[in-house]
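A.B. asks: what's the 3D shape of this:
(chains A and B)
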There are 2 protein chains.
Amino acid sequence: MISPGRPVLGIDVGGTTFEVILLDGAGRVTAAVEDATPRGVPAAEAVKTVATAARAVAVAAGVEPRHLRGVGMAVPGRVDSARGLLRFAPNLPGWLDVPVAALAAEVLETPVTLEHDVRMAAFGESRRGAGAGAGSFVCVTVGTGIGAAVVLDGRLYRGVTDAAGEIGHVPVVADGEPCGCGRRGCLETVASGRAVAARARGLATRGEAATLLACVNGRVEDITAREVFAAAAAGDPACARVVAAAVAALGAALTVLVNVLNPEAIAVGGGVAAAGAALLDPLRAAVRASAWTAAAEAVRIVPAALGTQAGAIGAALFVAEALGGC
Amino acid sequence: MISPGRPVLGIDVGGTTFEVILLDGAGRVTAAVEDATPRGVPAAEAVKTVATAARAVAVAAGVEPRHLRGVGMAVPGRVDSARGLLRFAPNLPGWLDVPVAALAAEVLETPVTLEHDVRMAAFGESRRGAGAGAGSFVCVTVGTGIGAAVVLDGRLYRGVTDAAGEIGHVPVVADGEPCGCGRRGCLETVASGRAVAARARGLATRGEAATLLACVNGRVEDITAREVFAAAAAGDPACARVVAAAVAALGAALTVLVNVLNPEAIAVGGGVAAAGAALLDPLRAAVRASAWTAAAEAVRIVPAALGTQAGAIGAALFVAEALGGC
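C.D. replies: The predicted structure is shown next:
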């Protein structure tokens, strides 16, 4: 995939932590670091702190930063890739119109390519993870929110205004719960980690979901989607209903993706995907039952494989390919 | 788009009629013929009849068939493009595993490329019709059935088993009407021309839909989707309900297409699309209300522009581009 050559850095800045990886000239991950994303400081300062940590990764591996072939950087939010700007990031308060690429390039003495984190994680999975070898591939993230990114016929597909893959905001419940996007009843209001936890907290507060309450020692505020899936598996009927609604809505969304895109593989990642077979098995069954047969039979539904490094690996590989490395 | 050179023939074989067009070396349509698809004869004979008619179009335009650059041929059904085979065509009884490309090439003395008609119509619309200039484009056909074909970043996208765009079989009603695909409640069972007509015939038989019955002089069997839309527009409340259900289901499907693909344009064609603004206006409103804002604002929802010639023009242009004409 990657031609022999100079190393490439990949950086993925999340709301809580950031990841740095170094790809050597043969495309192998030879160094990796994870650390806390600086908070409570100006965005420009935080970017420089991250870039300095990335620089240290290269130096520790014996690579002079200015000898890097390139740097790929993934951020969570609206990105203007052409200008290297992060427009807005809901999980990075205060990061508004930040020239992330230019700030990082100054520290790293190398041009930096800025991209959206979900896209880069999908790209990483398509090249080295759950989608390796799949010509057309969808990477669905079910975490606090729900998003997807698509690699079609081997190429990252963005859509005409960089908005392709917004499955989290497909309407699934008429006049449903309000969604952060301003509409109602979006997939995220039923199946995101935030929604699953909120619905279960509501039940627990009303005295239902006894098993769930026991899981968190009666502390309703400690309930996350993980505990809801665990309590459902342990037989809590209220939690089972919440999980069933989430899985049914996700299954319907995956069915549409399969019918429209006819992909070879769909990877499911993100915090809620940690539920494993409890999530994936019913999703596979839903697609088998409801999607167009020729497309349902062709698709593998698999867990994402690269974990927290997916975005950093994807950003590095994206830059390497863009520079003619494949 | 098309480099100067020798002419290209485009042929579109439908269940009822076939269309032939001749593109000159500059990509202009210089001749066109429509005729009835032969029925009640063996498929091989029918193909040769169509090819002979196409040959005559070229000859009449002063083009020796063997001087053609190529021939593109569109057929309705499952196609094995690599082998030039039509596997199966629901609307062409008896056409099973027919080597259409080879049979036509014999008559035309030129290699023939065989493709699916909905894909070719979409390709034609993307190059010369409603999608001209749109980088990413979806062409939705609402006729007897419902299908879609997608041109993404300028390229025809097929999916991994040639099944991309199967929106007609997205489930929209839980435990709904049986669908020809073997499942229940697919979009086609609510919004296709066949479904709209069948639902209205049921109402008319039960004595509802008086306006509709008047439109067809009391002959229930003459009811088609066209009359149902007309009666709804004239105030028939039963027909208005049938149309509203169809439009709502189509609007939901378009909303998903917009969120997943973020296209620049969606063209709506097919028999039901002849309803014009009565169909397109509520579809635009549904997408505006329900799709992700950045994607909803970017998309134009427009009528298909090439009419019955779309498939033939698309097939000719597809071949011309494949031969290096663009």
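A.B. asks: Against chain B, how distant is the residue most central in space within chain A?
C.D. replies: In chain A, the residue lying closest to the centroid (Cα atoms, centre = their mean) is A:V118, at 4.3 Å. Between A:V118 and chain B the computed distance is 14 Å (Cβ to the nearest Cβ, to the nearest Å). In this view, the C-beta of every residue, glycine as well, is placed from N, C-alpha and C.
A.B. asks: contacting residues around that residue?
C.D. replies: Taking Cβ atoms under 8 Å, 6 or more residues apart in numbering or on different chains, we find A:V118 in contact with A:P76, A:C139, A:T141, A:G147, A:A148, A:A149, A:G165.
A.B. asks: what stretches of the stretch 201-326 of chain A score poorly on pLDDT?
C.D. replies: Along the stretch 201-326 of chain A, the parts satisfying pLDDT under 70 run over A:325-326.
A.B. asks: Do a quick rundown of the strands in it.
C.D. replies: Counting by DSSP state E, counting those that start in this stretch, the stretch 201-326 of chain A has strands at residues A:265-269, A:300-303.
A.B. asks: closest to chain B out of the ones you listed?
C.D. replies: Nearest to chain B, of all the strands of the stretch 201-326 of chain A, is strand A:265-269, at 8.9 Å by Cβ to the nearest Cβ.
A.B. asks: Can you name the residues in contact with the closest one?
C.D. replies: Contacts of strand A:265-269 (Cβ under 8 Å, 6+ apart): A:121-122, A:125, A:129-131, A:134, A:137-142, A:254, A:257-258, A:279-280, A:283, A:299-305, A:310.
A.B. asks: So how do I select the buried members of those residues in ChimeraX?
C.D. replies: What follows is the ChimeraX syntax for the buried subset of the contacts of strand A:265-269, where burial is set by 16 or more other Cβ atoms under 10 Å in any protein chain shown:
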select /A:121,122,125,129,130,131,134,137,138,139,140,141,142,254,257,258,279,280,283,299,301,302,303,304,310
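A.B. asks: among the contacts of strand A:265-269, which are in reach of chain B?
C.D. replies: Among these, the ones lying near chain B by Cβ under 8 Å from any Cβ of the partner chain are A:A134, A:L257, A:V299.
A.B. asks: Dump the contacts of A:V118 to a markdown table, plus pLDDT, distance to B:R87 and secondary structure.
C.D. replies: Shown next, in a markdown table, are the contacts of A:V118 (pLDDT from 0 to 100; distance: Cβ to Cβ, whole Å; DSSP: H, G, I helix; E, B strand; the rest coil):
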| residue | pLDDT | distance to B:R87 | secondary structure |
| --- | --- | --- | --- |
| A:P76 | 91 | 45 | coil |
| A:C139 | 97 | 32 | strand |
| A:T141 | 93 | 37 | strand |
| A:G147 | 91 | 37 | strand |
| A:A148 | 96 | 31 | strand |
| A:A149 | 96 | 33 | strand |
| A:G165 | 94 | 32 | coil |
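A.B. asks: now those in TSV, with distance to B:V13?
C.D. replies: Listed next are the contacts of A:V118 as TSV, based on distance: Cβ to Cβ, whole Å:
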residue	distance to B:V13
A:P76	50
A:C139	39
A:T141	44
A:G147	42
A:A148	37
A:A149	39
A:G165	36
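A.B. asks: Closest one of these to B:A54?
C.D. replies: For the contacts of A:V118, the minimum distance to B:A54 (Cβ to Cβ) is 41.9 Å, reached by A:G165.
A.B. asks: The stretch 101-250 of chain A against chain B: which residues are in contact?
C.D. replies: So far as Cβ under 8 Å from any Cβ goes, the stretch 101-250 of chain A lies against chain B at A:134-136, A:148, A:150, A:152-153, A:155, A:157-167, A:169-171, A:181-183.
A.B. asks: Quick check on those: which are buried?
C.D. replies: Buried members of those, counted by 16+ other Cβ under 10 Å: A:134-136, A:148, A:150, A:152-153, A:157-167, A:169-171, A:183.
A.B. asks: Which members of those occur in strands, if any?
C.D. replies: A:A148, A:V150, A:L152, A:Y157 (DSSP state E).
A.B. asks: so what pLDDT did the closest residue to the last one other than its chain neighbours get?
C.D. replies: Spelled out, that is A:Y157. Using Cβ to Cβ, 6 or more residues apart in numbering or on different chains and skipping the chain neighbours, the partner closest in space to A:Y157 is A:V150 (4.8 Å). Note for A:V150: predicted pLDDT of 97.
A.B. asks: ok, what's across the strand from A:V150?
C.D. replies: Counting by DSSP bridges, A:V150 forms beta bridges with A:V138, A:Y157.
A.B. asks: A:R6 contacts A:R69, correct?
C.D. replies: Yes. Checked against Cβ atoms under 8 Å, the pair A:R6 and A:R69 is within contact range at 4.2 Å.
A.B. asks: which residues sit in contact with the closest residue to A:G165 other than its chain neighbours?
C.D. replies: With sequence-adjacent residues excluded and distances taken as Cβ to Cβ, 6+ apart, A:G165 is closest to A:A148, at 4.0 Å. Contacts of A:A148 were listed using Cβ under 8 Å, 6+ apart, and they are A:V118, A:A122, A:V138, A:C139, A:V140, A:T141, A:G165, A:E166, A:I167, A:G168, A:L257, B:V260.
A.B. asks: Quick check: A:A148 vs A:V138, distance?
C.D. replies: To A:V138, A:A148 is 6 Å away according to Cβ to Cβ, to the nearest Å.
A.B. asks: returning to what we had before: quick one: which of A:R6 and A:R69 has more around it?
C.D. replies: A:R69 (21 against 17; other Cβ atoms under 10 Å in any protein chain shown).
A.B. asks: how about the more buried one, what does it touch?
C.D. replies: For A:R69, the contact set (Cβ under 8 Å, 6+ apart) comprises A:G5, A:R6, A:P7, A:V8, A:V319, A:A320, A:L323, A:G325.
A.B. asks: Filter the residues you listed down to the buried ones.
C.D. replies: A:R6, A:P7, A:V8, A:V319, A:A320, A:L323, A:G325.
A.B. asks: Take the residues you listed and write them to JSON lines, including distance to A:A246.
C.D. replies: Shown next, in JSON lines, are the buried ones among the contacts of A:R69 (distance: Cβ to Cβ, whole Å):
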{"residue": "A:R6", "distance to A:A246": "45"}
{"residue": "A:P7", "distance to A:A246": "41"}
{"residue": "A:V8", "distance to A:A246": "38"}
{"residue": "A:V319", "distance to A:A246": "36"}
{"residue": "A:A320", "distance to A:A246": "37"}
{"residue": "A:L323", "distance to A:A246": "41"}
{"residue": "A:G325", "distance to A:A246": "40"}
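A.B. asks: what comes up buried for whichever strand or helix holds A:A102?
C.D. replies: Here A:A102, judged by DSSP states H and E, is contained in helix A:100-108. Buried residues in helix A:100-108, counted by 16+ other Cβ under 10 Å: A:V100, A:A101, A:A102, A:L103, A:A104, A:A105, A:V107, A:L108.
A.B. asks: ok, the residue nearest to A:G165 to A:P7 distance?
C.D. replies: A:A148 is 30 Å from A:P7, where distance means Cβ to Cβ.
A.B. asks: just A:G311 next, same as before
C.D. replies: Applying Cβ to Cβ to A:G311 and A:P7 gives a distance of 18 Å.
A.B. asks: Count the residues that sit near A:D12.
C.D. replies: A:D12, neighbours per other Cβ under 10 Å, totals 30.
A.B. asks: That one belongs to a strand, doesn't it?
C.D. replies: Yes. Applying DSSP: H, G, I helix; E, B strand; the rest coil, one finds A:D12 inside a strand.
A.B. asks: What does the pLDDT read for it?
C.D. replies: 97.
A.B. asks: Contacts only, for the residue in the stretch 51-200 of chain A that chain B sits nearest to.
C.D. replies: Relative to chain B, the nearest point of the stretch 51-200 of chain A is A:G159 (2.5 Å; Cβ to the nearest Cβ). In this structure, A:G159 makes contact with A:G165, B:S136, B:L261, B:N262, B:P263, B:A295, B:A298, judged by Cβ under 8 Å, 6+ apart.
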